[in-house]
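Visitor: Quick check, what structure comes out for this input:
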Amino acid sequence: MRVVLDANVFVSALISRSGAPAGLVRLWLEGEYELVVCEALIAELESALAYPKIRKRIAAEDASEFVRLVRELAETVADPDEPPPAHSADRKDDYLLALAGRENVPLVSGDAHLLALGGVLPILSPRELLDRVQAD
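Guide: Predicted coordinates for the structure are as follows:
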């Protein structure tokens, strides 16, 4: 199974090692599914990890090492250049919809405005994907 994880899932996994996002990252690192990223997603992750309120909880060295792991282990594809199959209430997330649509993979996010599109597109919460991967 291949999936796209929203940057918020990565950040949540680094903040709390006990929730569904952390479980997803562990399973990805164990090879239970493939992660698809693009440079725009990696840039968003780096930016989110540099926010002062996040930096208080995640050391700069840990953030850099995590981004390095994502770059090294995930499947990196080109940034999407086509419009998304649907638009998010937060247009900054449309590239995630376009990426997941082009790659024909589910998008996993904790954002309510993306999860609201779940009836139209394959968008899962971290818990939903964790349950699926563990069931396989």
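
Visitor: can you give me the strands for the protein?
Guide: 2-5, 34-38, 75-77, 107-108, 123-124 (DSSP state E).

Visitor: so which of the ones you listed gets nearest residue 20?
Guide: Closest to residue 20 of those is strand 107-108 (C-beta to C-beta; 9.5 Å). In short, each C-beta sits where N, CA and C put it, glycine included.

Visitor: what's the distance between the closest one and the middle of its chain?
Guide: The chain centre lies 6 Å from the centre of strand 107-108; the measure is C-alpha atoms, centre = their mean, to the nearest Å.

Visitor: by contact count, what packs against it?
Guide: Applying 3 or more C-beta pairs under 8 Å, 6 or more residues apart in numbering; DSSP states H and E, one finds that strand 107-108 makes contact with strand 2-5, helix 94-103, strand 123-124, helix 126-135.

Visitor: Note down every partner strand of that strand and its orientation.
Guide: The pairing partners recorded for strand 107-108 under DSSP bridges are strand 2-5 (parallel), strand 123-124 (parallel).

Visitor: could you dump the helices and strands packed on strand 107-108 to CSV with distance to residue 41 and mean neighbour count?
Guide: Converted to CSV, the helices and strands packed on strand 107-108 look like this (distance: least, C-beta to C-beta, whole Å; neighbours: other C-beta atoms under 10 Å):
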stretch, distance to residue 41, mean neighbour count
strand 2-5, 7, 22
helix 94-103, 7, 21
strand 123-124, 15, 21
helix 126-135, 16, 16
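
Visitor: closest to residue 26 out of these?
Guide: helix 126-135 (9.7 Å).
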